[in-house]
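J.: Any chance you can model this:
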Amino acid sequence: MTLKQLKAFLILARTLNYANASNDLCISQSALSLSIKSLEEELGGKLFKRNTRRVEMTLEGESLIPFAKKLLANWEDMEKDVKQRFKLNRGILNIASMPFTTHAILPEAIHRFLKDHPNISFSIHDIPNEKIIENIQEGIFELGICFEPILNDQLEFKPLFHEDFLALVPNDHALAERTSVTWKELCSNPFITLQNPSIIRHIIEQKCYKNDLVLDLKVECHQISSLSHFVAYGMGVSAIPRHFQNFIDKEHNVLIEIEDGDVDMPVGLVYKKDFPMSNISAQFKNALCEYYSNINHIK
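T.: The predicted structure is shown next:
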């Protein structure tokens, strides 16, 4: 059963005249007869009774009308929806993002994108860096924002910016008056950081190991946004990605440069290699890459 057959059936059911129906369909009467005959053979019986004077519907034909109308309407709705998605007139874009990039870059990026595509909706999934890579590989998400993954022949990575770290201490801490600190000075204090698995936690532990220190972990949590609240109460110090600095409680905390800040980690878009991407995802990827390319060029 084809859409052409259903259209032919409904028009003939409305006109009950082969000449008029064939004119409406812009086909010959013989082509219309062949289409109806083929549909009847598929369904197993007559839909119309035809004689030299008139065309009448069988009971089976009349029973098919509401189903045919519904199928045709559903098809037209689907066709319209897909066309609008290709034109970016509607659709939902699911993005997997590290919590700190959700805070730091996505609000402005999405705001800019929605100016040109106001009917697009976004669903942001805040998950750890490692989980983003895993979910992209499994095809759960088309796009993710994360640190550059280790060489992976299944993934493509488009860097947006490079990330380093700032020290975060309470405003009454001994280091609070300093303009800069070393990793060793920072890691010699009780520490507040993210739970494992976390690439940020991994970097901090590496810095401790490099300076012959054991991380004195006082509080671990899931979101970077929570760190500053614990630091503000004097429970310890922390280190945060620079791009998150505008979301820190600066009334009770102080941000300090790290002198030996040799951390330089690309943050960008990750997606599956050689995997067809939806039009919405591709447009957002290109818009985000262009936006950061312009920013980096200005810098």
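J.: okay, CA-based contacts and neighbour counts for the rest of this
T.: Noted.
J.: hey, where'd the helices end up in the stretch 51-200 of the chain?
T.: Listed in chain order, the helices of the stretch 51-200 of the chain (DSSP state H, counting those that start in this stretch) span residues 59-86, 99-104, 106-116, 129-137, 183-187, 199-210.
J.: which other helices and strands contact the lowest-mean-pLDDT helix or strand in the chain?
T.: Ranked by mean pLDDT, DSSP states H and E, the weakest helix or strand in the chain is helix 59-86, scoring a mean of 79. In terms of contacts (3 or more C-alpha pairs under 8 Å, 6 or more residues apart in numbering; DSSP states H and E), helix 59-86 is packed against helix 3-15, helix 279-298.
J.: quick revisit: for the helices of the stretch 51-200 of the chain, could you give me TSV that also reports mean neighbour count and distance to residue 173?
T.: As requested, the helices of the stretch 51-200 of the chain are arranged in TSV below (neighbours: other C-alpha atoms under 10 Å; distance: least, C-alpha to C-alpha, whole Å):
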stretch	mean neighbour count	distance to residue 173
helix 59-86	14	54
helix 99-104	20	25
helix 106-116	13	32
helix 129-137	19	31
helix 183-187	19	11
helix 199-210	16	20
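J.: how much space between residue 192 and residue 120?
T.: Applying C-alpha to C-alpha, to the nearest Å, one obtains 38 Å for the distance of residue 192 from residue 120.
J.: Out of these two, name the residue with the larger neighbour count.
T.: Higher neighbour count among residue 192 and residue 120: residue 192, with 26 against 17, using other C-alpha atoms under 10 Å.
J.: Tell me the gap between stretch 10-25 and the middle of its chain.
T.: Here the centre of stretch 10-25 is set off from its chain's centre by 47 Å, with C-alpha atoms, centre = their mean, to the nearest Å.
J.: swap that for stretch 267-281, please
T.: Distance, stretch centre to chain centre, for stretch 267-281: 9 Å (C-alpha atoms, centre = their mean).
J.: Can you give me the first-to-last residue distance of that stretch?
T.: The first and final residues of stretch 267-281 sit 18 Å from each other (C-alpha to C-alpha).
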